[in-house]
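Colleague: Mind looking at a prediction? Sequence and model below.
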There are 2 protein chains.
Amino acid sequence: MFKRKFYIPDNKIPKKWYNIASDLPEALPAVLHPLTRVPITPEDLSPLFPMEIIKQEVSTERFIDIPEPVLDVYSLSRPSPLIRAYNLEKALDTPAKIYYKYEGVNPAGSHKVNTAVAQAFYNKSEGIKRLTTETGAGQWGSALSFAGALFNLEIDVYMVRVSYNQKPYRRALIESYGGTVTASPSSRTEAGRKILAENPNNSGSLGIAISEAVEMAVQRDDTKYSLGSVLNHVLLHQTIIGNEALIQFDLADDYPDIVIACAGGGSNFGGFAFPFIGEMLRGGKSVKSIAVEPFACPTLTKGVYEYDYGDTAHLTPLMKMYTLGNGFIPSSIHAGGLRYHGMSPIISLLKKLNLIDAVSQKQVDCFEAGIKFARTEGILPAPESTHAIKTAIDEALKCKEEGISRTIAFNLSGHGHFDMSAYSDYLNGNMSNND
Amino acid sequence: MFKRKFYIPDNKIPKKWYNIASDLPEALPAVLHPLTRVPITPEDLSPLFPMEIIKQEVSTERFIDIPEPVLDVYSLSRPSPLIRAYNLEKALDTPAKIYYKYEGVNPAGSHKVNTAVAQAFYNKSEGIKRLTTETGAGQWGSALSFAGALFNLEIDVYMVRVSYNQKPYRRALIESYGGTVTASPSSRTEAGRKILAENPNNSGSLGIAISEAVEMAVQRDDTKYSLGSVLNHVLLHQTIIGNEALIQFDLADDYPDIVIACAGGGSNFGGFAFPFIGEMLRGGKSVKSIAVEPFACPTLTKGVYEYDYGDTAHLTPLMKMYTLGNGFIPSSIHAGGLRYHGMSPIISLLKKLNLIDAVSQKQVDCFEAGIKFARTEGILPAPESTHAIKTAIDEALKCKEEGISRTIAFNLSGHGHFDMSAYSDYLNGNMSNND
């Protein structure tokens, strides 16, 4: 019998996150204050984040201990499996070996839980009672509400209006965990009211929802803000994925030539790829890393590398990153988690330094790949994750053309159970490849 | 740190199913031919099932080898975790220890996959190209379509009309795996046409859907029928759950005093409880087993033990079982998988012999328990599974009243990701406890 799944025994489970800032060939550009444009201090960030998270944001320590209560919640569904996609390989008739790391096994259904649990823990430890946040497709809102339930924090979610309308069951999941959900732009905030005054039918964006969540966070001392991607500490928490994968490839007696993950704000890609890129930066094996974006929101492939705000109302600090402009509103593709104008500053720097690759994929092609994956490997992927699958298939077919066997690994970041209307649209031919 | 999850190492993974027919204190009553009412022969069943499954249906061998290709697919998501519900215990302030076996980790989202994969394999091995089946809430249809995709079989699903309308995303999942879905009663079959002639608005039942699927199966040589519960071979395949749990309790250095699972046709309960009951029947530790039904469909608690048909059109053999009558149409509760008029003949016999207990639970109480579970343990359960949770909570609170610590284990048979409209109804107060 083939060995399909590589599971980590208890005594080898990673207990540290990996901080790629320790291994970058050049320092990250400073983050600038939104008003003064001078480099921000930890104090500037303290209305938004607890001190332990601010420390992680600027840390250059290579490995950071995962607190016991976080490991404890991780243990409900981690280590996540690394699975060899034998059926997909066979269907493609490729000499490539394809592996995927499946993050959809946790109760909230995506990798987002990895940082949600950590952020909830650090906020709770510093006496915070309530967190505000934004969510696109709803994966992040679900993850933070899950973490809020386990750490007894109120969670206040601003959900991009187009997703709020498209995905009512995501809202129901967030509410089942006890979170509250507001469609963004909303009339609850100054930022929202201003945007609605200009256009009452504004369908929203992650940039707008961030503005609203930040505005609400700074109003109360017992409340802080939580971001699901982009920032250094978020990507740090996600490296549990790649850290586990390194051990699992050891158990599989293999090592990836290519690692692939989709990229919206970058935590999915960073979490999976950074530990492998770190090995390379420290003189270990070389790896080709591919960040996959939607054609409709091509930040790394068509954006510019410059200082920009993280949100639309210019409440967040300025970060040097690839950006499409903070006012950019992408078309309403189903991969709502990838509809962000900017990109993690670390990933942006890696791209600038040509240490990683980026490609974009069209929506219908991604869903076609997702259905092929479901019918061969049995798992129905989240629309975001189909971008990684499509690219993995492209690379496997290249191997076939060239007659070369490469080891390809991708991050299957979540399941598509809350995206069935998207799959219905695809199956019924109601989706176009213009996106 | 508490040890929450008990995972089975590769070398201890069970490779056999447990057949409780080998240990029953008295033989199962004969199954009777629907027309002649004489005991059926294997040949009578051959238009419906492949020979290997018919053999399993009548086997009295204690352990039956799981074929390698079935173990291979199981390995994608099995062993499923056994988890100690520390958070729930704490929330209830109970001296009881509560464990749950979580079957929702597989890609189709419920325990139903365990027999779907086995049935798909045996049919494929005997040259079958197409399977027909019924589904209530859609868990079984999803599971069989998943298995059909992996073993390259066409899957033709008759879905109870009320669920077809309530749960469009279940249909989309079945279709994503390549299955076809027809609302039942339908005009595709004689049985369906007859029922629609009497009442064009008939909302359907599992009994009717079975009639339609059976009628379609016998019409073509390359087609057989697949049932998701009730029959001996189905419960046999589900015993992988309890077999794993036995090993996991050994790893946890504990043993359940009480095992709990919901019961519609009985495969959920049988799969989890039979291995424990078997230990008891062979002189091992005593265990109290509780089958939990919905108040709206109280087969074991209010039905009669007599011969009845498995379906509404009287196409299936007669089995001696607890039944509410094959024409019974329960109210449209959200736990569609528990809306069946009959009960597994083995479970019926165990109940008749007082070797197991049964209780019924009301819908709102179950959803309340489900939300409590989601907010403590983090997993949003399927409506069916909430019946087991509610009963586990009842037993844990009894322990608290009595000041006694008992070990309680229940089968968390699936997640509720495709039941969010039900949770919305509950959270918005649109659900009554009359069901």
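Modeller: Structure's in. What do you need?

Colleague: Sticking with the residue lying closest to A:Ser286 once chain neighbours are set aside, tell me its helix or strand.
Modeller: The shortest distance from A:Ser286 to any non-neighbouring residue, by CB to CB, 6 or more residues apart in numbering or on different chains, is to A:Met280 (5.5 Å). To be clear about C-beta, it is placed using only N, CA and C from the backbone, and glycine gets the same treatment. Following DSSP states H and E, one finds A:Met280 within helix A:267-281.

Colleague: Can I get the helix or strand immediately after that helix in the chain in CSV? Just the C-alpha atoms.
Modeller: The first helix or strand that comes after helix A:267-281 along the chain, using DSSP H and E, is strand A:288-294. C-alpha atoms of strand A:288-294 as CSV (Å, rounded to 0.1, in the frame of the first residue of the first chain):
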residue,chain,number,x,y,z
LYS,A,288,11.5,27.6,-6.0
SER,A,289,8.6,29.4,-4.2
ILE,A,290,5.5,30.5,-6.1
ALA,A,291,3.0,33.0,-4.7
VAL,A,292,-0.3,32.7,-6.7
GLU,A,293,-2.7,35.6,-7.0
PRO,A,294,-6.0,36.0,-8.7
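
Colleague: just the angle between strand A:288-294 and helix A:267-281, please?
Modeller: Put simply, strand A:288-294 runs at 160 degrees to helix A:267-281, going by axes from the mean of the first three to the mean of the last three CA atoms, to 10 degrees.

Colleague: re the thing from before, same question for the helix holding A:Met280: list its buried residues.
Modeller: A:267-279, A:281 (16 or more other CB atoms under 10 Å in any protein chain shown).

Colleague: Please work out how many residues are found near the residue of the stretch 201-350 of chain A found nearest chain B.
Modeller: The nearest approach of the stretch 201-350 of chain A to chain B comes at A:Leu251, 10.4 Å away (CB to the nearest CB). By other CB atoms under 10 Å in any protein chain shown, 14 other residues sit near A:Leu251.

Colleague: again, but for A:Phe328
Modeller: 18.

Colleague: Show me where the stretch 251-400 of chain A has its strands.
Modeller: With DSSP state E, counting those that start in this stretch, the ranges of strands along the stretch 251-400 of chain A come out as A:258-262, A:288-294, A:304-309, A:318-323, A:357-361.

Colleague: Same list, those strands, but as JSON lines with distance to B:His415, mean pLDDT and mean neighbour count please.
Modeller: What follows is the strands of the stretch 251-400 of chain A, written out as JSON lines (distance: least, CB to CB, whole Å; pLDDT from 0 to 100; neighbours: other CB atoms under 10 Å in any protein chain shown):
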{"stretch": "strand A:258-262", "distance to B:His415": "23", "mean pLDDT": "98", "mean neighbour count": "29"}
{"stretch": "strand A:288-294", "distance to B:His415": "28", "mean pLDDT": "98", "mean neighbour count": "26"}
{"stretch": "strand A:304-309", "distance to B:His415": "38", "mean pLDDT": "98", "mean neighbour count": "17"}
{"stretch": "strand A:318-323", "distance to B:His415": "36", "mean pLDDT": "98", "mean neighbour count": "24"}
{"stretch": "strand A:357-361", "distance to B:His415": "29", "mean pLDDT": "98", "mean neighbour count": "20"}
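
Colleague: Reformat these as CSV; add distance to B:Leu338.
Modeller: Formatted as CSV, these follow (distance: least, CB to CB, whole Å):
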stretch, distance to B:Leu338
strand A:258-262, 39
strand A:288-294, 41
strand A:304-309, 52
strand A:318-323, 52
strand A:357-361, 42
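
Colleague: who wins for proximity to B:Gly109 among those strands?
Modeller: Closest approach to B:Gly109 among the strands of the stretch 251-400 of chain A (CB to CB): strand A:258-262, 22.9 Å.

Colleague: CA-only coordinates of the closest one in CSV, if you can.
Modeller: Output of strand A:258-262 as CSV, limited to C-alpha atoms (Å, rounded to 0.1, in the frame of the first residue of the first chain):
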residue,chain,number,x,y,z
ILE,A,258,8.8,23.8,-5.7
VAL,A,259,6.5,25.2,-2.9
ILE,A,260,3.3,26.9,-3.9
ALA,A,261,0.6,28.8,-2.0
CYS,A,262,-1.9,31.5,-2.9
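
Colleague: coming back round to it: so who does the residue of the stretch 201-350 of chain A closest to chain B touch?
Modeller: Residues counted as contacts of A:Leu251 (CB atoms under 8 Å, 6 or more residues apart in numbering or on different chains) are A:Phe6, A:Ile8.

Colleague: ok, it to A:Ser421 distance?
Modeller: 38 Å (CB to CB, to the nearest Å).

Colleague: same check, this time on A:Leu236
Modeller: Going from A:Leu236 to A:Ser421 by CB to CB gives 34 Å.

Colleague: of these two, who's got more company?
Modeller: More crowded of A:Leu236 and A:Ser421, by other CB under 10 Å: A:Leu236, with 27 against 17.

Colleague: Looks like the residue nearest to A:Ser286 contacts A:Lys288 (just checking).
Modeller: No. Using CB atoms under 8 Å as the test, A:Met280 is too far from A:Lys288 to be in contact (9.7 Å).

Colleague: Just give me how far stretch A:46-61 sits from the chain centre.
Modeller: Taking CA atoms, centre = their mean, to the nearest Å, one finds the center of stretch A:46-61 at 19 Å from the center of the full chain.

Colleague: rewinding a little: grab the CA positions of the helix holding A:Met280 and hand them over as CSV.
Modeller: Only the C-alpha atoms of helix A:267-281 are listed here, as CSV (Å, rounded to 0.1, in the frame of the first residue of the first chain):
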residue,chain,number,x,y,z
SER,A,267,0.0,34.8,5.4
ASN,A,268,-1.0,31.6,3.6
PHE,A,269,2.1,31.8,1.4
GLY,A,270,4.4,33.0,4.1
GLY,A,271,3.3,30.4,6.6
PHE,A,272,3.9,27.6,4.2
ALA,A,273,7.0,28.8,2.3
PHE,A,274,9.1,30.8,4.8
PRO,A,275,10.5,27.8,6.7
PHE,A,276,11.7,26.3,3.3
ILE,A,277,13.0,29.7,2.1
GLY,A,278,14.7,30.1,5.5
GLU,A,279,16.6,26.8,5.0
MET,A,280,17.7,28.1,1.6
LEU,A,281,18.8,31.5,3.0
